[in-house]
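A.B. asks: A predicted structure for the sequence below; I have some questions about it.
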Amino acid sequence: MSETAIEPTFHPPEDALAFYEESLRLLKESGIPFLLSGTYAVTAYTGIRRPTKDLDVFCKPGDYPRILAFFQARGYRTDVEDERWIAKVWKDEKHFFDVIFAMSNGTIAVNDSWFGDDRIQVYGHEVAITPPTALILSKVFIQDRYRYDGADVNHIILKQSDAIDWKALLDQMDLYWEVLMAHLLNFRFAYPTERDKAPAWLMQELTERLQAQVTLPSPRVKVCRGRLFSARDYVLDISEWGFGDVVGKGLDERHDPVNLGH
């Protein structure tokens, strides 16, 4: 895929449409590399259409201050919601877009490998979108009680397996290979006739890692990595059950509304 036209399933009111058109125009005018992700990329790669009412703009960590400064100089209000992964650009109290530069759990940051040749036409502009490999990376840790993106991962593998850089995916997920393996097992379960979409060498590599791990003693440091999936669903593990936290998010986040952004 190099370029395709995306007709959003949600038709925004005129003021919102004008905001999206203007935002994309200014982003392109800035010359700062950015990607459109989320539902727009999923639709482009899988054909699955679902309502969306926002823009998820991805960029490298070093570029997000430049994007914010560019818009701020033009009268927009900016907000660094969490310097670990997300900021926002506001037109007014109603219209905004997210600027995302890392995963919400801090495990993976956007980098040069996320930028490919795939583009879509949306809201009157040709824009780059996250390639299939990066799109998977953006979704593998989204496993919250209120949002689980495993189906998106399965559909991307099903429709774009030949376009996925499996070696790069494993390299990025090396420390979290069990998460990758779990997704691939889910895919194999969901599509038993399509198991060869994930390369045999990768399944063999992950299986060998698991076999080696089974015979090892348990780690001495008691941590709960569940908060890499959901900061709030595993709060009790940290606050009462004695597990160490690997995310570094405040315990009061158990009451926060869902804001996964991607």
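C.D. replies: Noted; the coordinates are in hand. Values in this document were obtained by computation on a predicted structure and should not be read as measured data. Numbers count the residues shown, from 1 in each chain.

A.B. asks: what helix or strand does Ile32 sit in?
C.D. replies: Element membership of Ile32, judged by DSSP states H and E, is empty: it is in no helix or strand.

A.B. asks: Can you tell me how far the nearest residue to Tyr76 once chain neighbours are set aside is from Ile156?
C.D. replies: Nearest residue to Tyr76, sequence neighbours excluded (CB to CB, 6 or more residues apart in numbering): Val89, at 5.3 Å. In short, each C-beta sits where N, CA and C put it, glycine included. To Ile156, Val89 is 27 Å away according to CB to CB, to the nearest Å.

A.B. asks: try Tyr76
C.D. replies: Taking CB to CB, one finds Tyr76 at 32 Å from Ile156.

A.B. asks: Can you list the buried residues in stretch 104-113?
C.D. replies: Of all the residues in stretch 104-113, those buried under the rule 16 or more other CB atoms under 10 Å are Ser104, Asn105, Gly106, Thr107, Ile108, Val110.

A.B. asks: tell me the domain boundaries of the protein?
C.D. replies: 1-130, 145-216, 219-247 (automatic domain parsing).

A.B. asks: Show me where the stretch 151-262 of the chain has its strands.
C.D. replies: Counting by DSSP state E, counting those that start in this stretch, the stretch 151-262 of the chain has these strands, from start to end: 223-224, 244-245.

A.B. asks: Mind putting the ones you listed into CSV with distance to Thr215 and mean neighbour count?
C.D. replies: Formatted as CSV, the strands of the stretch 151-262 of the chain follow (distance: least, CB to CB, whole Å; neighbours: other CB atoms under 10 Å):
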stretch, distance to Thr215, mean neighbour count
strand 223-224, 21, 16
strand 244-245, 24, 14
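
A.B. asks: averaging pLDDT over each of those strands, which comes out lowest?
C.D. replies: Mean pLDDT per stretch puts strand 244-245 lowest among these, at a mean of 87.

A.B. asks: From the chain's centroid, how far away is it?
C.D. replies: Distance, stretch centre to chain centre, for strand 244-245: 23 Å (CA atoms, centre = their mean, to the nearest Å).

A.B. asks: From the contact counts, what lies against it?
C.D. replies: If contacts are counted by 3 or more CB pairs under 8 Å, 6 or more residues apart in numbering; DSSP states H and E, strand 244-245 sits against strand 223-224.

A.B. asks: circling back: who's more crowded, Tyr76 and Ile156?
C.D. replies: Ranked by neighbour count (other CB atoms under 10 Å), Tyr76 and Ile156 place Ile156 first, with 24 against 20.
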